[in-house]
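>>> I would like to see how this sequence folds:
(chains A, B, C and D, ligands or ions: 2)
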Amino acid sequence: MTTLDARLRDVRTRRKALVPYFIGGLTADWTTYVSAAILAGADVIEVGVPFSDPMMDGPVIQAGALRALANDVTLESICHDVSVASFEVPVVVMTYYNVLHHFGLARSAELLAASGVAGVIVPDLAIEELTPWREVATAADVATVLMVAPSSPIDRVRRIGALTQGFVYAAARMAVTGRAADVGDAERVVTSIRTVCDTPTYVGIGITTPDQASDAAAFGDGVIVGSALVQQILDGASAQDIEGSISTFREALDRTAPEA
Amino acid sequence: MTTLDARLRDVRTRRKALVPYFIGGLTADWTTYVSAAILAGADVIEVGVPFSDPMMDGPVIQAGALRALANDVTLESICHDVSVASFEVPVVVMTYYNVLHHFGLARSAELLAASGVAGVIVPDLAIEELTPWREVATAADVATVLMVAPSSPIDRVRRIGALTQGFVYAAARMAVTGRAADVGDAERVVTSIRTVCDTPTYVGIGITTPDQASDAAAFGDGVIVGSALVQQILDGASAQDIEGSISTFREALDRTAPEA
Amino acid sequence: MGPPDEGGHFGSFGGRFVPEALMPACLELDAAFRDAWGDPDFVAHYHRTLREFGGRPTPVTYLGRLSQRLGLSVYAKREDLAHTGSHKINNVVGQALLTARMGKTRIIAETGAGQHGVATATAAARLGLACTVYMGEVDTVRQALNVFRMELLGATVVPVTSGSRTLKDAVNEAMREWVTCVGDTHYCIGSVMGPHPFPWMVREFQSVIGVEAADQLHEFGVETPDFVVACVGGGSNAAGVFAGFADTTAQLIGVEAAGGSAVGRGMPGVLHGMRSLLLQDDHGQIEEAYSISAGLDYPGIGPEHAYLADLGRATYVAVGDDVVIEALQLLSELEGIIPALETAHAVAWLLRAAGDEVPTGSTVLLNLSGRGDKDVAQVRSILRGES
Amino acid sequence: MGPPDEGGHFGSFGGRFVPEALMPACLELDAAFRDAWGDPDFVAHYHRTLREFGGRPTPVTYLGRLSQRLGLSVYAKREDLAHTGSHKINNVVGQALLTARMGKTRIIAETGAGQHGVATATAAARLGLACTVYMGEVDTVRQALNVFRMELLGATVVPVTSGSRTLKDAVNEAMREWVTCVGDTHYCIGSVMGPHPFPWMVREFQSVIGVEAADQLHEFGVETPDFVVACVGGGSNAAGVFAGFADTTAQLIGVEAAGGSAVGRGMPGVLHGMRSLLLQDDHGQIEEAYSISAGLDYPGIGPEHAYLADLGRATYVAVGDDVVIEALQLLSELEGIIPALETAHAVAWLLRAAGDEVPTGSTVLLNLSGRGDKDVAQVRSILRGES
Ligand SMILES: Cc1ncc(COP(=O)(O)O)c(C=O)c1O
Ligand SMILES: Cc1ncc(COP(=O)(O)O)c(C=O)c1O
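Numbering: from 1, shown residues only, chains lettered A, B, ... in the order given. Ligands and ions are numbered 1, 2, ... in the order given. Below is the predicted model:
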């Protein structure tokens, strides 16, 4: 059990988890957006560390990542920012494997841990290739959050459920990150995860509106909201605007009673 | 023996033959150029009947032929002009086989004869394909003048010598019509013709200056002057100018004593 | 399709209508070709060169989706896969080898769009022969890339400024130039045209198409196709494929461009050294052909085709530019083969004739004479209404 | 060159680094490919399609004049004669047949300059599969004619506006799109790259090159060439030809573009589903490759090549743009073969290495991966100083 596991099981006892996604370094003052989100009720912060070739991201996050890269953002600079900001809620870094691979797996895990990062999501790191990273990450108490897709057959769901740390990322649809009109296949995905493990299960990929978040919370333990927020920031939203948005998500989730 | 044969043997008894070439219909008053040339001492007139694809002609005569064709000149119109002009010296038509073929071989021969044309030169009508034309032409007393090239081996020279009527066209060089700097291989060609027949032998292809004409007349019975004259006319020469030019050729030839 | 008579006549067509200066070369070539073609070593060398360099044998492809669409069994002989992209290579390899055998060191050729010029330059490069290509000035501009291709291959391209400055004038010019250099230079004519022995020799060099195809159809279980269809410019690819089926019951169909239909609209005449069917005006002046495909822009047809038409052994039809583009699109989409615009004429006729002159259920061999890469820019412009 | 381990690793390279959403498809593909490749009927169908449709076997040509110039014996495997003009057809035919066998009805692909896109569209047309090709927006403009070719072949071309809008982004985009349609759609990767089983499968489909070439060299009396040389973008033509000689003493040489030299300038990394050598900046961001030839504009190399380099079984070298044009010109002029700019890299290296790394008298097999028709306009501009 990583620290992240413990903290998220705790969240589950209290409420549906709200996990907003921010691109590290998208703006110079990006951590103030994070603080605003925490103020408005975020339970976990997902911080994207940009990669030039984001295979799992749609146009919005791609655009954000490009902008951040143009600002010379790196894994180190983002970890530094996170470390300085010292957020009260757990931070999970979302990045692509090459970023960690290039920095060095053990070195990355240590940097993340030292910066106060509780976990990572590495969408292109399939369970088949997980071991080298997971060993060093676990040793550093950095949780590795795994994703279940609508296409995952039950035996893979079982293996993923057994390996994931912190939470299970339940992909709501067969798609990359982006905005969508509904929660897609999320219920089926969550249901299948429930049959194999008891780990908190958050729904992501396409969660765009508070209503969708509320729908997802009816069966999941939380939601991840990415492109919808990034788009707002790209469009010039202030930290206050984001605080407002997060509040509406918070309210929508709170309308749904916690499971436990 | 055609009438042309008799007339040219007669010329040979008197002087070196001068054969200027004119494109029929190149100008509306083209026959006045011919008359001027006769006045200045031409012995035979070669009249080109233009063809769209003059395989044996260089740029000068090509250009002249194109201009004449743009004037809607035809075999019939040129024959008509010749017939009206009723020149005192023999007229030999130079054209390509398709012109005669298209009009009909027998019909062409009759038209030519009726117009007072004494012979034809058809450069793309090789001796191998000669028979159909030669039969109808001979029947109409239209001579068919054949060419010997520098590349003709002696057995072909012999066959050509036996078949040609009026004169032998001795090609001075391996080239199409055009202007040149010397008389090329003419002497060798004429010499080989002399070994096989006694027909008057005129040198053509590239004869450009009176001096060259004089050179050629040292061994041949006459010269054909084409591109040099056509170029003059294309450049705007008057009938009088042509008369002047022909006179200089005449004088040059007369400097050379007749063989016979 | 036997040899012509000794003078090169196919019935009343063919022959040798060239200036005396060129006759010795034609005779020499005739003798050299007869000698070479009777020499197993030469024939083996020719076939080996085509195999090892030219990409022969080209396959026969069953066009399953087109067949289904048309209610026919359509097989394509894939000359598009030959080196340089069309059947032209068969002829130039033969003539280039013959050039070397005759001890000549240089080759000249005419070209319209550039296909034959590129093929000739290719064979010349391979054999280390000097090469000059005559190309109508108009065509050198329209087909600037092919000019560059020939130059890359080491050839000199001479723009021809006489007459209409297109293919037929390029032939005239090549003939005129040949007169001046016939001692060391061979004139490599690009189709079954010109003075004897060219129409016969080129057909012999191209007959590899039909001979191969007949064997390959047997492998598909086709004894004799009901129809053999080929496009016709000068007629070399058609002559080549017909040669494999002349002695069978197959109906031979030559498809001309409507604007260059020498059989349909031509009359007997003499041009470029041969007697054949030619587009002419009322006074025997040669008319320019017009076609969307430069390779069919020839006002005549090879003399043997005129003869086959006379005999009724082959049938010549014509299709207009309008249906050619559609045919190109259909073959591309259904079969993954973008044909040359020339070739698309044959396809277009088949589309029109299927279920009619070509009864449902017929087996058809289509000679896919060349690939369309050279034409895609033009087709694109046309489809965009740019030309 | 045996199969990778079960996880698709060649030593420490390869593997499967894709989103979970795609893992089932990769596993399904792995199983389907193993099953198909072990099924004599499938293998026969694959070879028959390549023979009857793709133009195989392509010949081996002895390059006599080049050999003489270099003091070597140089043989060329003529993938330029394969349908669509390069080795790409071998792979797409295999994958398209596999797509149909898996019961999928649609195929997607990435393309850079358009070669692989055209090949994929071609195979899709032939098999009646729907086809969408992702192409960097920059490339759709640079290679508008290839876009049109794909459209003629019935494919939809989607301009990719993400990232650098070139090949690597087209791969990303195809992967992203594949996530959304993996149920009925196969992603036909164009080289020995991507997640397992692609690098292995593509190599297997391309190994026909090397297997054929080895036999053909025997016919020339060459037991084993001293060198086997191929250009390397992703590395599929190289892998294909190497596969025929891995068990021999032949030295295997992969020639990269200097501006895309993943072995020379790259570091281990993970991209496009594989661990391999990649051009990266100090922070693991992937750098754009640059080469005069679009087909070598890839910042990585297939994982098996990274492994062969590690083992020392193959050697990877790089040549700059400057010598590539010269090599293209020389091969054109001496042998009558205008090679693709990609291929010209292999030629350029040979010109440089002859008499040096490649000792005088050596026997060399050059993989002539494609024809240069697609490149002549570009080469012309360069030689005229226009670009
Ligand atoms: C592909 C193709 N087909 C056909 C032709 C027409 O020539 P022929 O009638 O001699 O086969 C050409 C001429 O360039 C051609 O390129
Ligand atoms: C002719 C040719 N050769 C080589 C390549 C490089 O690909 P690979 O390294 O996969 O063979 C390409 C790619 O487009 C190509 O078109």
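>>> how about the closest residue to ligand 2 within chain C, nearest residue that isn't a chain neighbour?
In chain C, the residue that lies nearest ligand 2 is C:Asp373 (13.7 Å; CB to the nearest ligand atom). From N, CA and C alone the C-beta is placed, and that goes for glycine too. The shortest distance from C:Asp373 to any residue other than its chain neighbours is 5.6 Å, reached at D:Asp373 (CB to CB, 6 or more residues apart in numbering or on different chains).
>>> number of residues surrounding the residue of chain C closest to ligand 2?
When neighbours are counted by other CB atoms under 10 Å in any protein chain shown, C:Asp373 registers 19.
>>> state the distance from it to B:Gly116.
Separation of C:Asp373 from B:Gly116 (CB to CB, to the nearest Å) stands at 59 Å.
>>> so who does the residue nearest to C:Phe13 when sequence neighbours are not counted touch?
In space, and not counting its chain neighbours, C:Phe13 is closest to C:Pro303: 3.6 Å by CB to CB, 6+ apart. Residues near C:Pro303 by CB atoms under 8 Å, 6 or more residues apart in numbering or on different chains: C:Pro4, C:His9, C:Phe10, C:Phe13, C:Gly14, C:Gly15, C:Val192, C:Met193, C:Pro199, C:Met274, C:Arg275, C:Ser276.
>>> ok, now with 6 Å
Under the criterion of CB atoms under 6 Å, 6 or more residues apart in numbering or on different chains, the neighbours of C:Pro303 are C:Phe10, C:Phe13, C:Gly14, C:Pro199, C:Met274, C:Ser276.
>>> same question for C:Gly302.
C:Val192, C:Met193, C:Pro199, C:Gly234, C:Gly235.
>>> which helix runs longest in chain A?
The helix that spans the most residues within chain A, counting by DSSP state H, is helix A:239-254.
>>> count the neighbours of the nearest residue to C:Glu223 once chain neighbours are set aside for me.
In this structure, C:Glu223 finds its nearest non-sequential neighbour in C:Leu217, 7.9 Å apart by CB to CB, 6+ apart. Residues lying near C:Leu217 (other CB under 10 Å) number 23.
>>> do the same with the one 4 residues further on
For C:Gly221, the tally of surrounding residues (other CB under 10 Å) stands at 7.
>>> same question for A:Ser77.
Residues lying near A:Ser77 (other CB under 10 Å) number 16.
>>> could you look up the SS state of it?
Here A:Ser77 takes the helix state, with states given by DSSP: H, G, I helix; E, B strand; the rest coil.
>>> contacts only, for the nearest residue to it once chain neighbours are set aside.
With sequence-adjacent residues excluded and distances taken as CB to CB, 6+ apart, A:Ser77 is closest to A:Gly25, at 6.2 Å. Contacts of A:Gly25 were listed using CB under 6 Å, 6+ apart, and they are A:Ala68, A:Asn71, A:Val73, A:Ile78.
>>> how about the second one, phi and psi?
Yep, that's A:Asn71 we're talking about. Dihedral pair for A:Asn71: phi -90, psi 10, per degrees, to the nearest 10.
>>> which residue, other than its chain neighbours, is closest to A:Trp133?
Nearest-residue entry for A:Trp133: A:Leu105, 5.4 Å, with adjacent residues in sequence omitted and distances by CB to CB, 6+ apart.
>>> how many neighbours does the one you found have?
Residues lying near A:Leu105 (other CB under 10 Å) number 17.
>>> likewise A:Asp81?
By the measure other CB under 10 Å, the count of residues near A:Asp81 is 19.
>>> find the closest residue to ligand 1 in chain A.
Taking CB to the nearest ligand atom, ligand 1 has its nearest neighbour within chain A at A:Asp53, 42.8 Å off.
>>> check that residue and give its pLDDT.
Reading off the per-residue confidence, A:Asp53 sits at a pLDDT of 96.
>>> quick one, what contacts it?
Residues in contact with A:Asp53, defined by CB under 6 Å, 6+ apart, are D:Asn172, D:Leu271, D:Ile286.
>>> among these, which one sits closest to ligand 1?
Minimum separation from ligand 1 among the contacts of A:Asp53 (CB to the nearest ligand atom) is found for D:Asn172, which lies at 39.5 Å.
>>> residues contacting that closest one?
With contacts defined as CB under 6 Å, 6+ apart, D:Asn172 is in contact with A:Asp53, A:Met55.
>>> how close does it get to D:Phe13?
From D:Asn172 across to D:Phe13, the span is 20 Å (CB to CB).
>>> for the biggest helix by length in chain C, name the packing helices and strands.
Residue-count comparison of every helix in chain C, with assignments taken from DSSP H, identifies helix C:198-219 as the longest. For helix C:198-219, the packing partners by 3 or more CB pairs under 6 Å, 6 or more residues apart in numbering or on different chains; DSSP states H and E come out as helix C:88-101, helix C:236-242.
>>> show me what contacts the closest residue to chain D within the stretch 251-387 of chain C?
As assessed by CB to the nearest CB, chain D sits closest to C:Gly336 within the stretch 251-387 of chain C, at 3.7 Å. Residues near C:Gly336 by CB under 6 Å, 6+ apart: D:Thr122, D:Ala125, D:Arg126.
>>> show me the shaky parts of the chain.
Just going to use chain A. Scanning chain A for pLDDT under 70 picks out the ranges A:257-260.
>>> not quite, go with chain C.
Confidence mapping of chain C against pLDDT under 70 gives the ranges C:387.
>>> ok, now how distant is the spatially most central residue of it from C:Ser191?
When chain C is reduced to its mean C-alpha position, the closest residue under CA atoms, centre = their mean turns out to be C:Ser236, at 3.3 Å. Noted for C:Ser236: a distance of 4 Å to C:Ser191, by CB to CB.
>>> with C:Val18 instead?
Taking CB to CB as the measure, C:Val18 and C:Ser191 are separated by 16 Å.
>>> how near is the residue nearest to A:Ser77 to chain C?
When CB to the nearest CB, to the nearest Å is applied, the distance between A:Gly25 and chain C equals 45 Å.
>>> up against ligand 1, what does the stretch 151-300 of chain C have?
Proximity of the stretch 151-300 of chain C to ligand 1 is confined to C:Ser191, C:Cys231, C:Val232, C:Gly233, C:Gly234, C:Gly235, C:Ser236, C:Asn237, C:Ala238, C:Gly295, C:Leu296 under the rule CB under 6 Å from any ligand atom.
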